[in-house]
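Undergrad: Quick one: sequence and predicted model below, then my questions.
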Amino acid sequence: MLLRTIILSAGLCLISSHSMAEKVQPTPTLPLEDLRLFTQVFDQIRQGYVQPVDDSQLLESAIKGMLSELDPHSSYLDAESFNNLKESTNGQFGGLGIEISAEKGLIKIVSPIDDTPAEKAGLQSGDIILELDKRSLKGLSLGDAVQLMRGPIGTKITLTILRQGTKEPFEVTLERAAIRVTSVRSELLEPNYGYLRIAQFQIETGKEFTKAIEKLKSKSPELKGLIIDLRNNPGGVLQASVEVVDALLNEGMVVYTKGRIENTSREYFATEGDATDGLPIVVLINDGSASASEIVAGALQDQNRAVIMGTRSFGKGSVQTVIPLSENKAIKLTTALYYTPKGRSIQAQGIAPDIVVERAELTVSNNRKRAEADLQGHIGNGNGGEDITSDDKAQTIHPKLQNDNQLYSAISVLKGIAVLGKNQ
């Protein structure tokens with residue numbers, strides 16, 4: 001019976017209807033000396049380890065080690081890990097709400113997911129998780145770390161966090177929750193300027209994205225520009241990122257992948273129809289924007305369809321294929337790299353924004369200290385209308401813009417594009 005191969009992208013994965021094993025030619029000769037070494041070590045552990053070890057457990061550990069040594073994103077998925085992966089791809093799972101990676105034996109947060117216990121507790125991209133309930137994670141596989149974080153809803157777990165810029169590790173206690181990720185959110189930041197937040201790329205994200213655009217257009221028929229916020233978006237389903245780009249292009253390549261075997265080398269193109277009718281777009285990214293987020297940013301940048309702002313993205317340009325081994329076990333194997341339309345590999349480099357805007361504290365003041373109209377005996381305007389004094393209040397600023405300098409800069413760029421277009 002053929003096994004179904006899933007390829008998603010919290011790493012980045014594709015979908016195939018065949019087992020990868022059918023595509024790979026068997027190795028002509030096995031490395032007998034190495035196999036003999038393996039059996040010798042296996043036998044020594046069975047006979048001499050301080051405690052008895054079940055043979056199947058020992059072999060499973062060997063498989064885990066073999067995969068984890070390849071790269072930070074390849075891993076063995078036992079029944080629970082496999083089920084968790086399928087749940088997260090569909091947009092609902094139980095846990096803390098963080099995307100993590102394994103780097104040099106440490107568990108690192110790629111980004112917290114919006115409106116989850118992790119995000120509400122203030123966990124940040126780049127934080128290192130040293131311990132879970134006082135248990136050290138050093139050297140633990142990615143799958144095992146995820147399994148420890150999962151648990152019954154309402155139960156608590158304490159994370160020991162090491163953060164750059166802090167002298168000592170600190171503890172954060174979180175309560176596990178049912179994580180239902182809202183993939184796309186939208187609102188008007190100002191009249192005629194829309195905001196779209198994509199938290200994670202799920203199976204339905206492409207459809208949700210198009211619906212969100214239509215909703216903004218119905219709210220503001222004179223829409224002048226859009227901001228797409230991909231900051232701290234850890235990735236998700238590859239096809240969803242392609243659909244998002246497709247909604248903004250009339251034609252052209254979106255992304256292509258290259259691997260060693262036939263079904264991992266693919267090209268993806270946009271189809272006719274721009275849901276925004278060519279509206280100016282600014283895309284926000286940061287070091288928590290990974291994989292599928294980088295596909296979107298890279299494609300729109302290469303196709304000159306959007307201005308990319310913020311800071312350099314995470315740099316995860318590899319494709320993971322989830323290969324089922326049975327009904328409830330699988331391996332997640334890195335099988336390809338993906339490239340932007342102009343042939344750039346994002347792996348370990350990321351997407352450099354067109355305009356760099358570092359995150360900073362933003363103070364907005366609406367207080368005018370003086371104006372010509374305040375002066376006694378001033379001359380009137382002459383063309384009609386009331387004089388404007390320093391007591392006149394400026395336009396109310398959306399709360400998101402008051403606290404987010406990157407978002408404030410993005411809408412300023414959109415306004416500049418709108419003014420330039422109007423003048424031309």
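TA: Structure received.
Undergrad: Which strands and helices lie in contact with the helix or strand where Met66 lies?
TA: Here Met66 sits within helix 55-68, counting by DSSP states H and E. Counting contacts by 3 or more CB pairs under 8 Å, 6 or more residues apart in numbering; DSSP states H and E, helix 55-68 packs against helix 32-48, strand 75-77, helix 142-149, strand 330-339. The C-beta positions use only the backbone N, C-alpha and C, and glycine is treated the same way.
Undergrad: Looking at the third one now, give me its mean pLDDT.
TA: Read it as helix 142-149. Across helix 142-149, pLDDT averages out at 83.
Undergrad: what angle separates it from strand 330-339?
TA: Angle, helix 142-149 to strand 330-339, by axes from the mean of the first three to the mean of the last three CA atoms, to 10 degrees: 120 degrees.
Undergrad: Could you export helix 142-149 as PDB, CA atoms only?
TA: Output of helix 142-149 as PDB, limited to C-alpha atoms (Å, rounded to 0.1, in the frame of the first residue of the first chain):
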ATOM      1  CA  LEU A 142      13.000  19.000  18.900                       C
ATOM      2  CA  GLY A 143      10.200  16.400  18.900                       C
ATOM      3  CA  ASP A 144      10.800  15.500  22.500                       C
ATOM      4  CA  ALA A 145      10.800  19.200  23.500                       C
ATOM      5  CA  VAL A 146       7.400  19.700  21.800                       C
ATOM      6  CA  GLN A 147       6.000  16.600  23.500                       C
ATOM      7  CA  LEU A 148       7.000  18.000  26.900                       C
ATOM      8  CA  MET A 149       5.200  21.300  26.200                       C
END
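Undergrad: which element follows it toward the C-terminus?
TA: Sequence-wise, the next helix or strand downstream of helix 142-149 (DSSP H and E) is strand 156-162.
Undergrad: SS state for the residue sitting furthest away from the middle of the chain?
TA: Largest separation from the mean C-alpha position in the chain: Gly377, at 59.5 Å (CA atoms, centre = their mean). What DSSP: H, G, I helix; E, B strand; the rest coil gives for Gly377 is coil.
Undergrad: about what we covered before: flag every buried residue along the helix holding Met66.
TA: For helix 55-68, burial by neighbour count (16 or more other CB atoms under 10 Å) applies to 64, 67-68.
Undergrad: Using JSON lines, lay out these together with pLDDT and distance to Asn286.
TA: Converted to JSON lines, these look like this (pLDDT from 0 to 100; distance: CB to CB, whole Å):
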{"residue": "Lys64", "pLDDT": "93", "distance to Asn286": "32"}
{"residue": "Leu67", "pLDDT": "95", "distance to Asn286": "29"}
{"residue": "Ser68", "pLDDT": "92", "distance to Asn286": "28"}
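Undergrad: Which other helices and strands does the one helix or strand Lys422 maps to contact?
TA: Using DSSP H and E, Lys422 sits in helix 405-423. Using 3+ CB pairs under 8 Å, 6+ apart as the contact test, the elements touching helix 405-423 are strand 184-190, strand 193-198, strand 225-229, strand 281-285, strand 307-310, helix 399-402.
Undergrad: picking that back up, name the stretch among the helices and strands packed on helix 55-68 that sits most buried.
TA: Comparing the helices and strands packed on helix 55-68 by mean neighbour count (mean count of other CB atoms under 10 Å), strand 75-77 ranks first with a mean of 26.
Undergrad: Heading C-terminal from that strand, find the next helix or strand.
TA: Toward the C-terminus, strand 75-77 is succeeded by helix 79-89 as the next helix or strand (DSSP H and E).
Undergrad: How far does that following helix sit from its chain's centre?
TA: Distance of helix 79-89 from its chain centroid, counting by CA atoms, centre = their mean, to the nearest Å, is 18 Å.
Undergrad: nearest residue to the residue nearest the centre of the chain other than its sequence neighbours?
TA: Centroid-nearest residue in the chain: Pro234, 1.9 Å away (criterion: CA atoms, centre = their mean). Nearest non-adjacent residue to Pro234, counting by CB to CB, 6 or more residues apart in numbering: Glu99, 3.4 Å away.
Undergrad: Neighbours of the one you found, how many?
TA: By other CB atoms under 10 Å, 26 other residues sit near Glu99.
Undergrad: Ile397 too?
TA: Ile397: 15 neighbours (other CB under 10 Å).
Undergrad: wait, what's in contact with Asp287?
TA: Asp287 makes contact with 125-126, 311-314, 350, according to CB atoms under 8 Å, 6 or more residues apart in numbering.
Undergrad: could you point out which element follows whatever helix or strand the residue nearest to Pro234 lives in?
TA: Using DSSP H and E, Glu99 sits within strand 98-103. The helix or strand immediately downstream of strand 98-103 is strand 106-112, counting by DSSP H and E.
Undergrad: Residues contacting that next one, please?
TA: 97-102, 118-119, 123-130, 137-138, 140, 142, 145, 232-234, 288-290, 314, 316.
Undergrad: So which of those are in strands?
TA: Those of those mapping onto strands are 98-102, 128-130, per DSSP state E.
Undergrad: Most widely separated two among those?
TA: Within the ones in strands among the contacts of strand 106-112, two members stand farthest from each other by CB to CB: Glu99 and Leu130, at 17.8 Å.
Undergrad: in the stretch 251-400 of the chain, which ranges drop under the pLDDT threshold?
TA: Filtered on pLDDT under 70, the stretch 251-400 of the chain yields the residue ranges 364-368, 392-395.
Undergrad: so Glu190 bridges to which residues?
TA: Tyr193 (DSSP bridges).
Undergrad: Report the contact partners of it.
TA: 398, 401, 411.
Undergrad: Then Val254?
TA: Counting by CB under 8 Å, 6+ apart, the residues that Val254 touches are 241-242, 245-246, 268-270, 295, 299, 341.
Undergrad: in stretch 114-124, what's buried?
TA: Buried residues in stretch 114-124, defined by neighbour count with 16+ other CB under 10 Å: 114, 116-119, 121, 123-124.
Undergrad: what do you get for stretch 196-215?
TA: In terms of neighbour count (16+ other CB under 10 Å), stretch 196-215 has its buried residues at 196-206, 208-210, 212-213, 215.
Undergrad: got the end-to-end distance for stretch 308-328?
TA: 41 Å (CA to CA, to the nearest Å).
Undergrad: Now that stretch: buried residues?
TA: For stretch 308-328, using 16+ other CB under 10 Å, the buried residues are 308-311, 313-324.
Undergrad: before we move on, what about stretch 151-161?
TA: By neighbour count on 16+ other CB under 10 Å, the buried set for stretch 151-161 is 157, 159-161.
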